[in-house]
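Peer 1: Quick one, structure for this:
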Amino acid sequence: MISVLIVDDNHSFVDSLKVLLKEIPSLTPAKSVNTLRKAEQELAQNLYNLIILENDTEVSLKGMDFIRNIRKNYPVMQPTNFIVFTTKPQELMDKYKADGIKIFKKPLSTHDFKEYIVRLVEQRLLLFGEKEDADRKE
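Peer 2: The predicted structure is shown next:
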C-alpha cells in the first residue's frame, strides 16, 4: 500500500482530496496536517510514499525548502514522490521540474490530478513490486 500525507491549511480542499484519493486502489487513507512544521513532526515518526503539499502554507517555510529538508534529513524516505499545489505555478515550474516534482495549479482539475495519481501508483507498483489488494485476494 502507498502511504499519503497531505499538507494544506485549507480544510475543505484537504477533505476533497481525501475523497478523491479514496477512489484510487493501493493508497492508504491519507493523513493530513495543516502546516509544514507539523508535517516535519509527522515525518519524524512515520514514512510516506507520497507527499502532497501547498507551496504557500507558511510564510517562513516554502514548499521547495520543505522538500529539500526532507530529502536531506530523511534519506530513508527516498524515493518519495512530491506533488505541489500553488496559485502561481509559472514562477515555480522550472524550479520544481528540475527536482522532479509535479505542480498542479489551484483551483485543481480533479480529472488531471486523479489521472496523474493513478499513473504514479501504477509506476510505483511496477518499480517496487507492491501488490494491489485485488492481487492479494486472488
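Peer 1: Counting by contacts, list what the top helix by length along the chain packs against.
Peer 2: If you go by DSSP state H, the chain has its longest helix at helix 110-128. If you count contacts as 3 or more Cβ pairs under 8 Å, 6 or more residues apart in numbering; DSSP states H and E, helix 110-128 packs onto helix 11-22, strand 81-86, strand 102-105. Glycine gets a C-beta too; all of them are placed from N, C-alpha and C.
Peer 1: I'd like the ones you listed as a markdown table, with mean pLDDT, mean neighbour count and distance to Tyr96 appended.
Peer 2: Converted to a markdown table, the helices and strands packed on helix 110-128 look like this (pLDDT from 0 to 100; neighbours: other Cβ atoms under 10 Å; distance: least, Cβ to Cβ, whole Å):
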| stretch | mean pLDDT | mean neighbour count | distance to Tyr96 |
| --- | --- | --- | --- |
| helix 11-22 | 94 | 14 | 19 |
| strand 81-86 | 86 | 22 | 6 |
| strand 102-105 | 85 | 16 | 5 |
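Peer 1: which stretch among those comes nearest Pro29?
Peer 2: If you check each of the helices and strands packed on helix 110-128 against Pro29 by Cβ to Cβ, helix 11-22 wins as the nearest, at 6.9 Å.
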